[in-house]
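Trainee: output the structure for:
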Amino acid sequence: MLNYKLKIGLLPIRRYIKEPPKRIGIFQSDYAVENKQNVIKYIKDNYSDCDTEFIDIDWLNEEGLLYFDSDCDKVAEYFKQEKIDALFIINCNFGQENCAGLVAKQLNVPTLLWGPRDRNFTNDWRYTDTQCGLFAMSKQLKRNNVKFTYIENCDIDNPVFDEGLKRFFGVACMVKNFKNLRVLQVGARIKPFKSIMYNELELCEKFGIDIVSFNVEEAIIELKEIYANEQEQLEKDLVDLKKKFNVGDCTDEDLKKVLAIAMYYERLAKQNDCNIISGECWTGIKLCWDVFPCLAMSLLADKDIYVTCEWDIHMTVTNVLLLSATRGKGKPIQGEFTCRHPENDNAELLWHCGPFPVSCKAEGEHPCLYSCKPSFRIKDGTYTIARFQAERGKYYLLGGEIKTCKGPKTFGTYMWAEFKDLPKVERKLVEGPYIHHMTEVYGEYDSYLREFTKYIDEIEYDDINN
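Mentor: Numbering: from 1, shown residues only. As a prediction, this is how the structure comes out:
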């Protein structure tokens, strides 16, 4: 499964100027120590949780601050031993730009640069000049080829800091899961479905993405065994299912067959240590098992096990990125461009035949099943829309934000979404590399997508509205 836990290395740095017994005035260490103590305490008190751990350097010296070049290797080695996922450089006064570069270049992890706003002006003296030091540090990071994120020089209780730090955590999680991605693929692309073609070798060589394939015949053998041996559990699951959906004329036998698919996918993912599944949809499974798997996908999504529709590996990667941006709190849906709104020229039906998690349904919706496929509209609000795509060896990440709007009721799982300029988006899809399959997640994460591509050389961000 995907890993949303983060271990963040905290690296507070101050300026060192030798002036025994103790420097007085600008860059006086007392003020840097005070900044460090306030910032570290605030971060640990407000952002530590079961998924977020902070690793400090209080062991290094009495101040818990880095200021000697000679300590940089020691600090970098410590962070390596702690297996940090990201580095947060906290500039506590003007700082030592060389220390920032020397440590960060050894770690090769997403790096955040920030320092608290200079507020202490006493008796015509300044003591920190933190902002000035940030300019110097940024250049040293760039010269050492360190990719980094920046939060503007601000107070720690400023909303800008909160938004920036949470965004950085999301981006660090995206990078972590993308670099350790293992996809379970069940079934193969059917003959006429050319749009979802992908290059498995290239994904492995460029990004280290591992595709683990199972054919439909293997799946059917397992499904028969589950159906024969797990009737007691399937009956319990059937009772729960009928509490969530109006099952209409779907038979208990068919519903239990779908529940067997859900059980099979869950077992297979765990057995093969895979993060996400790309599933066979409407050919082999239906022909050999006589039910569609859409309902199984919907149910599994609410158990945080995600199955991508129609063997679409690129959409599978997109799902992972949006899941990671939300650190597992969001539920990606797979709404594809389907048809334009009959009246609103900038609105589009984002639809699929039933895989959306039922927990995402709109208020007042009563989910029902047709041919064992869910049907309901999802909740209103702002969504992030994205698509990871390749064309001729180049990789792109399309991103943007949309808002739901009113539209005709239809079957399947869906939303009506309004764009700034839908004809322009339509042309972008037709003339560009992207196919009509999209992933959406509730909330505003477009800036996360843009920042993520900073850390992956081979992927270019593309604004859906440009």
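
Trainee: quick one: buried residues of stretch 161-169?
Mentor: Buried residues in stretch 161-169, counted by 16 or more other C-beta atoms under 10 Å: 161, 164-165, 167-169. Glycine gets a C-beta too; all of them are placed from N, C-alpha and C.

Trainee: and of those residues, the nearest to Leu2?
Mentor: The nearest member of the buried residues of stretch 161-169 to Leu2, counting by C-beta to C-beta, is Phe169 at 14.5 Å.

Trainee: I figured that closest one hits Leu6, correct?
Mentor: Yes - using C-beta atoms under 8 Å, Phe169 is in contact with Leu6, at 6.0 Å.

Trainee: find the residues that touch each one of the two.
Mentor: Both Phe169 and Leu6 are in contact with 52, 86, 327, where contact means C-beta atoms under 8 Å, 6 or more residues apart in numbering.

Trainee: among these, which ones are in strands?
Mentor: Among the shared contacts of Phe169 and Leu6, the members falling in strands (DSSP state E) are 52, 86.

Trainee: can I get the shared contacts of Phe169 and Leu6 in CSV with pLDDT, neighbour count and distance to Leu203?
Mentor: Putting the shared contacts of Phe169 and Leu6 into CSV (pLDDT from 0 to 100; neighbours: other C-beta atoms under 10 Å; distance: C-beta to C-beta, whole Å) gives the following:
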residue, pLDDT, neighbour count, distance to Leu203
Thr52, 99, 19, 29
Ala86, 99, 21, 24
Arg327, 99, 21, 24
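
Trainee: now the shared contacts of Phe169 and Leu6 as a markdown table including distance to Ile196?
Mentor: Shown next, in a markdown table, are the shared contacts of Phe169 and Leu6 (distance: C-beta to C-beta, whole Å):
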| residue | distance to Ile196 |
| --- | --- |
| Thr52 | 36 |
| Ala86 | 33 |
| Arg327 | 28 |
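
Trainee: and the helices in the stretch 151-300 of the chain?
Mentor: 159-178, 200-207, 216-229, 231-244, 252-271, 284-289, 294-301 (DSSP state H, counting those that start in this stretch).

Trainee: the helix-or-strand element of the chain with minimal mean pLDDT pairs with which strands, parallel or anti?
Mentor: Lowest by mean pLDDT, DSSP states H and E among the helices and strands of the chain is strand 121-122, with a mean of 81. When pairs are called by DSSP bridges, strand 121-122 turns out to pair with strand 125-126 (antiparallel).

Trainee: residues in contact with the strand it pairs with?
Mentor: For strand 125-126, the external contacting residues (C-beta under 8 Å, 6+ apart) are 25-26, 118, 120.

Trainee: again, only using 10 Å
Mentor: Applying C-beta atoms under 10 Å, 6 or more residues apart in numbering, the contact partners of strand 125-126 are 24-28, 31, 93, 118, 120, 132.

Trainee: okay, buried residues for the helix or strand following that strand please.
Mentor: Next in sequence after strand 125-126, counting helices and strands by DSSP states H and E, comes helix 130-143. For helix 130-143, a neighbour-count test (16+ other C-beta under 10 Å) marks 130-134, 136-138, 140-141 as buried.

Trainee: turn those residues into a markdown table, including pLDDT.
Mentor: Shown next, in a markdown table, are the buried residues of helix 130-143 (pLDDT from 0 to 100):
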| residue | pLDDT |
| --- | --- |
| Thr130 | 95 |
| Gln131 | 97 |
| Cys132 | 96 |
| Gly133 | 96 |
| Leu134 | 98 |
| Ala136 | 98 |
| Met137 | 98 |
| Ser138 | 99 |
| Gln140 | 98 |
| Leu141 | 99 |
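
Trainee: which one of those sits closest to Leu268?
Mentor: Of the buried residues of helix 130-143, the one sitting nearest to Leu268 (C-beta to C-beta) turns out to be Leu141, at 42.9 Å.

Trainee: can you tell me the closest non-neighbouring residue to the closest one?
Mentor: Phe148 (5.1 Å; C-beta to C-beta, 6 or more residues apart in numbering).

Trainee: show me the shaky parts of the stretch 301-450 of the chain.
Mentor: For the stretch 301-450 of the chain, no stretch has pLDDT under 70.

Trainee: and the strands in it?
Mentor: 307-308, 336-340, 347-352, 368-370, 373-377, 382-391, 394-404, 413-418, 439-442 (DSSP state E, counting those that start in this stretch).

Trainee: distance to Glu222 and mean neighbour count added to those, as CSV?
Mentor: Listed next are the strands of the stretch 301-450 of the chain as CSV, based on distance: least, C-beta to C-beta, whole Å; neighbours: other C-beta atoms under 10 Å:
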stretch, distance to Glu222, mean neighbour count
strand 307-308, 15, 28
strand 336-340, 29, 16
strand 347-352, 25, 22
strand 368-370, 24, 18
strand 373-377, 22, 23
strand 382-391, 29, 22
strand 394-404, 34, 20
strand 413-418, 26, 24
strand 439-442, 28, 24
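
Trainee: quick one: closest of those to Thr111.
Mentor: So among those, strand 394-404 is nearest, using C-beta to C-beta, at 20.3 Å.
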